[in-house]
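Trainee: one predicted model, sequence on top.
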2 protein chains.
Amino acid sequence: MELGQRLLEGDKKAAARMISLIENDDPHALEILSESYQYTGKAKVIGITGPPGAGKSTLVDKVVKQLRARGKTVGVIAVDPTSPFTGGSILGDRIRMSDLNLDPGVFIRSMGTRGHLGGLSKATLGAVKILDLLGKDFILIETVGVGQSEVDIVKAADSVLMVMVPGLGDDIQAIKAGIMEIGDVFVVNKADRDGADRTKMEIEMMLDFSHQEWRPPVSMAVAVNNKGIDEIVDNLELHLTFLEESGKLMENRVKNSEMEILDLSQTALLKHMTRSDDNRAWLRGLAEKIARRELDPYTGSQMVLDKMITQSIGGGKDENTES
Amino acid sequence: MELGQRLLEGDKKAAARMISLIENDDPHALEILSESYQYTGKAKVIGITGPPGAGKSTLVDKVVKQLRARGKTVGVIAVDPTSPFTGGSILGDRIRMSDLNLDPGVFIRSMGTRGHLGGLSKATLGAVKILDLLGKDFILIETVGVGQSEVDIVKAADSVLMVMVPGLGDDIQAIKAGIMEIGDVFVVNKADRDGADRTKMEIEMMLDFSHQEWRPPVSMAVAVNNKGIDEIVDNLELHLTFLEESGKLMENRVKNSEMEILDLSQTALLKHMTRSDDNRAWLRGLAEKIARRELDPYTGSQMVLDKMITQSIGGGKDENTES
């Protein structure tokens, strides 16, 4: 429990270490998270997403500084594609260079989207809990891209800031349609570019079709010049107040907890099936039959589930740890 | 088996109907797929992806026409964000307008990324099998976005065409780093724009770090003017020939089958847990405890797995209730 204790005392190094352990699906770290989970839930979690090229990283940088100016401590988790060739992480390099790292009230961590032994969602939500335990008032999760897994991660936040940008070509219509529903607060960044007014108007029009209790505000910003950041943070605070006063904060957290346990169960199933050499060889055999068309994948998946059940009876519930 | 028979006879309407049934996770349609799986595997599957704004849809349109000019029949599956407000699909509208629909040798289908009862991956891979049964020589899967789920779907193809574009801003470095590994053939589209040569050079440099048997070719195109399409299709054919001659086609298909059965098993687990009212109420109860910090999600997910196992023993796979 030493690491857990150090976390609660605000030790940044302990947090960094814990996140690495969670990324590697370390059973002891999961045990610490499990035991200290009761102390989480205090931080407000903000998801930040939007299409590539929207300038999310610069905007996050400025939002963090604004929150700091308002006396809040902040944790940032940047979910980030990892280079398969260099083994490094481009956003990671960027983050290491940020002057925010000099501020003791800020903790920044970039997490690659590849190679998580226990699943990306599990690792990211684990990191959120760790920063919560570390005592951060706000935790920002930034995702690049507009994919389903990335959207799912951002949806686990209390409030979602959607960063749009003028003139990204044809696909932007499709992107907007796909991610509009999850935005609680919108901003048109790079608003000094041509077409910013039109982009804002298009977003407002799409929001007109939605009839929810909360009407997402849409503001303009030029993050690189620090313009419009105040208003973004005001809007996020307004939304969080709305969530608390309407009882929706708890309602959403129940929904998110449901998603999280289902996701953890699915990840555990995958791990179970690929853990032992025997299981992997058996699975490989099934896959070979399927590739040769001697077996179909639907029957194959039923065999996987049956095997999991049989093993759990025979071998006892060895799912927890291997410490 | 009537639908299955009609599929094998090349009936487009049967294919459209089957895909809708698979999207709705219809058990009878899955049974048909299961039984007719032995007749699949003839089509070559090409995944096409790249960042938003790269002009993938126009490029796909031209590639299809080029394949038709070479005497091949083609199926297209466009994986596509669906608007939550209109209930429609923007790419779907685009596709309905395409003149390709008039060609009896082409079948086009757009699939939304939301609301698949059985999971997006399951639905997409099901649609591939259906178009394979329909007798298409080539099946193209186009995904918008660069997310993990979308990348996973494209990875299930025999060959992946990566569409890049000059000047998409900072994020493009990160995107390139994240998706380079899955490209077998690269094209810089919109190559009449400034910076096309530089983009090509950057891709070549990244590929220099990779030492695989197959060196992905990088060509230039201006799809909207039908320029460079020939070379893309030549490169794809070269890669497919390489796969067959090196034995890698079967090797990759074994890997993909393994991914598919694991994915199907995970989807089945999710379905199992959310099927009955009792199960859903029980799950909701767990989630409420977790949101109130009376239970942690790691212990909760273990309870989900335990319950699944118990139900399968007690209720004989057709679970109704359980304490």
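Mentor: The structure has been received and is ready for your questions.

Trainee: C-alpha only now, for contacts and for neighbours.
Mentor: Will do.

Trainee: now the helices for the stretch 1-150 of chain A?
Mentor: Under the criterion DSSP state H, counting those that start in this stretch, the stretch 1-150 of chain A contains helices at A:2-8, A:12-23, A:27-36, A:56-69, A:90-97, A:120-133, A:148-155.

Trainee: among those, which is the most enclosed?
Mentor: helix A:120-133 (a mean of 24; mean count of other CA atoms under 10 Å in any protein chain shown).

Trainee: just checking, what packs against that one?
Mentor: helix A:2-8, helix A:12-23, helix A:27-36, strand A:74-80, strand A:138-143, helix A:148-155, helix A:248-275 (3 or more CA pairs under 8 Å, 6 or more residues apart in numbering or on different chains; DSSP states H and E).

Trainee: any idea which of these gets closest to chain B?
Mentor: helix A:248-275 (4.8 Å; CA to the nearest CA).

Trainee: low-confidence ranges, the stretch 201-323 of chain A, go.
Mentor: A:211, A:309-323 (pLDDT under 70).

Trainee: now do 80
Mentor: Applying pLDDT under 80 to the stretch 201-323 of chain A flags the ranges A:209-211, A:269-273, A:308-323.

Trainee: how near is the residue at minimal distance from the centre of chain A to residue A:127?
Mentor: Taking CA atoms, centre = their mean, the centroid of chain A lies closest to residue A:153, which sits 3.6 Å from it. As defined by CA to CA, to the nearest Å, residue A:153 lies at a distance of 12 Å from residue A:127.

Trainee: equivalent analysis for residue A:200, please.
Mentor: From residue A:200 to residue A:127 the distance is 33 Å (CA to CA).

Trainee: check residue A:232 too.
Mentor: Taking CA to CA, one finds residue A:232 at 24 Å from residue A:127.

Trainee: and if you look at residue A:155?
Mentor: 15 Å.

Trainee: wait, is residue A:160 part of a strand?
Mentor: Yes - applying DSSP: H, G, I helix; E, B strand; the rest coil, one finds residue A:160 inside a strand.

Trainee: you'd agree it is up against residue A:183?
Mentor: Yes - using CA atoms under 8 Å, residue A:160 is in contact with residue A:183, at 5.1 Å.

Trainee: joint contacts of the two?
Mentor: The contact sets of residue A:160 and residue A:183 do not overlap (CA atoms under 8 Å, 6 or more residues apart in numbering or on different chains).

Trainee: for the stretch 151-300 of chain A, which segments count as strands?
Mentor: A:159-164, A:185-188, A:218-220 (DSSP state E, counting those that start in this stretch).

Trainee: pull up the pairing partners for the shortest one, direction included.
Mentor: Based on DSSP bridges, the strands next to strand A:218-220 in the sheet, each with its direction, are strand A:185-188 (parallel).

Trainee: same question, the first one
Mentor: Neighbouring strands of strand A:159-164 in its sheet, by DSSP bridges, are strand A:44-49 (parallel), strand A:185-188 (parallel).

Trainee: what sits up against the first one?
Mentor: Just to be clear, that refers to strand A:44-49. Outside strand A:44-49, the residues touching it (CA under 8 Å, 6+ apart) are A:56, A:60, A:128, A:137-146, A:151, A:154-163.

Trainee: go with 7 Å
Mentor: Strand A:44-49 has contacts (CA atoms under 7 Å, 6 or more residues apart in numbering or on different chains) with A:137-144, A:154, A:157-163.

Trainee: pick out the lowest-pLDDT one from the residues you listed.
Mentor: Lowest in pLDDT among the contacts of strand A:44-49 is residue A:144, which has 66.

Trainee: quick one: pLDDT of residue A:178?
Mentor: Residue A:178 is given a pLDDT of 57.

Trainee: hmm, I typed the wrong one, I wanted residue A:58.
Mentor: Per the predicted model, pLDDT is 89 at residue A:58.

Trainee: what's the distance between it and residue B:77?
Mentor: 36 Å.

Trainee: who touches the nearest residue to residue A:219 once chain neighbours are set aside in this structure?
Mentor: Distances taken as CA to CA, 6 or more residues apart in numbering or on different chains place residue A:187 nearest to residue A:219, at 4.8 Å, with adjacent residues excluded. Residues near residue A:187 by CA under 7 Å, 6+ apart: A:162-164, A:218-221.

Trainee: who wins for neighbours among those?
Mentor: Within the contacts of residue A:187, most neighbours by other CA atoms under 10 Å in any protein chain shown means residue A:164, with 31 neighbours.

Trainee: ok, now which ones touch it?
Mentor: Applying CA under 7 Å, 6+ apart, the residues near residue A:164 are A:50-51, A:54, A:187-189.

Trainee: what's the neighbour count on residue A:244?
Mentor: Neighbours around residue A:244, by other CA under 10 Å: 12.

Trainee: what's around the closest residue to it other than its chain neighbours, how many residues?
Mentor: Among residues not flanking residue A:244 along the chain, residue A:250 sits closest, at 7.9 Å (CA to CA, 6+ apart). A count of nearby residues for residue A:250, using other CA under 10 Å, gives 16.

Trainee: how close does residue A:250 sit to residue A:243?
Mentor: Following CA to CA, the distance that separates residue A:250 from residue A:243 is 8 Å.

Trainee: cool, and residue A:6?
Mentor: For residue A:6 relative to residue A:243 (CA to CA), the value is 31 Å.

Trainee: now do residue A:106
Mentor: 25 Å.

Trainee: ok so, going back, and the helices of the stretch 1-150 of chain A, which one's lowest on average pLDDT?
Mentor: Among these, helix A:90-97 carries the lowest mean pLDDT (a mean of 49).

Trainee: re earlier: need the helices of the stretch 1-150 of chain A in a markdown table (columns: distance to residue A:42).
Mentor: Converted to a markdown table, the helices of the stretch 1-150 of chain A look like this (distance: least, CA to CA, whole Å):
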| stretch | distance to residue A:42 |
| --- | --- |
| helix A:2-8 | 13 |
| helix A:12-23 | 17 |
| helix A:27-36 | 13 |
| helix A:56-69 | 16 |
| helix A:90-97 | 25 |
| helix A:120-133 | 7 |
| helix A:148-155 | 18 |
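
Trainee: out of the ones you listed, nearest to residue B:2?
Mentor: Ranking the helices of the stretch 1-150 of chain A by proximity to residue B:2 (CA to CA) places helix A:148-155 first, at 35.0 Å.

Trainee: relative to residue B:214, which of the contacts of strand A:44-49 is nearest.
Mentor: residue A:144 (29.2 Å).
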